[in-house]
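Chemist: okay, sequence plus prediction incoming.
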Amino acid sequence: LAFAVIAIDGIFYMLLMGLFILSFLLSKQSLSMLNFQLSTIFLISLPYFFSFSHPTYHFSILPIAAIGAGIFWENKHFSWAKTSFLIKVIVAFLLLFFVFIQIEWLYFWINQ
């Protein structure tokens, strides 16, 4: 049961963060909102990047990521076909990078 709860939590986290990553490049949000999200996330997570890598720092970032994911979900009227090739490559890279980080963390967690 504990593993099922962790798996469900992981699925929701991946969904939320995936939408958040998409929000940076595919939604039309103001530059000030984007700057607020990026700078807040960076400043909150900076100490964790230097001290350790652990998902507990997600708790402080998730509300801010939820704002971006919500904006993307609300403004999901974008056309993937009209998106430039460069933006498609950047989105694919960021999503794959995010997924690989999660796989690495899962591998590390299982091997402990």
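Modeler: Received it, and whenever you're ready, just let me know what you need. None of these values were measured; they are calculated from a predicted model. Numbering: from 1, shown residues only.
Chemist: can you read off the pLDDT for Leu25?
Modeler: As predicted, Leu25 sits at a pLDDT of 68.
Chemist: which strand or helix spans Phe42?
Modeler: helix 31-51 (DSSP states H and E).
Chemist: what about the helix or strand just after that helix, average pLDDT?
Modeler: Once the chain leaves helix 31-51, the next helix or strand it forms, by DSSP H and E, is helix 58-74. For helix 58-74, the mean pLDDT works out to 74.
Chemist: in terms of secondary structure, what does helix 58-74 contact?
Modeler: helix 2-26, helix 31-51 (3 or more Cβ pairs under 8 Å, 6 or more residues apart in numbering; DSSP states H and E). No exception for glycine: its C-beta is placed from N, CA and C like everyone else's.
Chemist: could I get those helices as TSV with distance to Phe85 and mean neighbour count?
Modeler: Listed next are these as TSV, based on distance: least, Cβ to Cβ, whole Å; neighbours: other Cβ atoms under 10 Å:
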stretch	distance to Phe85	mean neighbour count
helix 2-26	13	14
helix 31-51	22	12
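Chemist: dump the ones you listed to JSON lines, plus distance to Phe97.
Modeler: Converted to JSON lines, these look like this (distance: least, Cβ to Cβ, whole Å):
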{"stretch": "helix 2-26", "distance to Phe97": "9"}
{"stretch": "helix 31-51", "distance to Phe97": "15"}
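Chemist: for Trp80, find the nearest of these.
Modeler: Closest to Trp80 of the helices and strands packed on helix 58-74 is helix 2-26 (Cβ to Cβ; 8.1 Å).
Chemist: give me the contacts around the closest one.
Modeler: Applying Cβ atoms under 8 Å, 6 or more residues apart in numbering, the external contacts of helix 2-26 come out as 29, 34, 58, 62, 65-66, 68-69, 71-73, 78, 83, 87, 90-91, 94-95, 98-99, 102.
Chemist: most centrally placed residue in this protein?
Modeler: The C-alpha lying nearest the average C-alpha coordinate of the chain belongs to Met17 (Cα atoms, centre = their mean; 2.8 Å).
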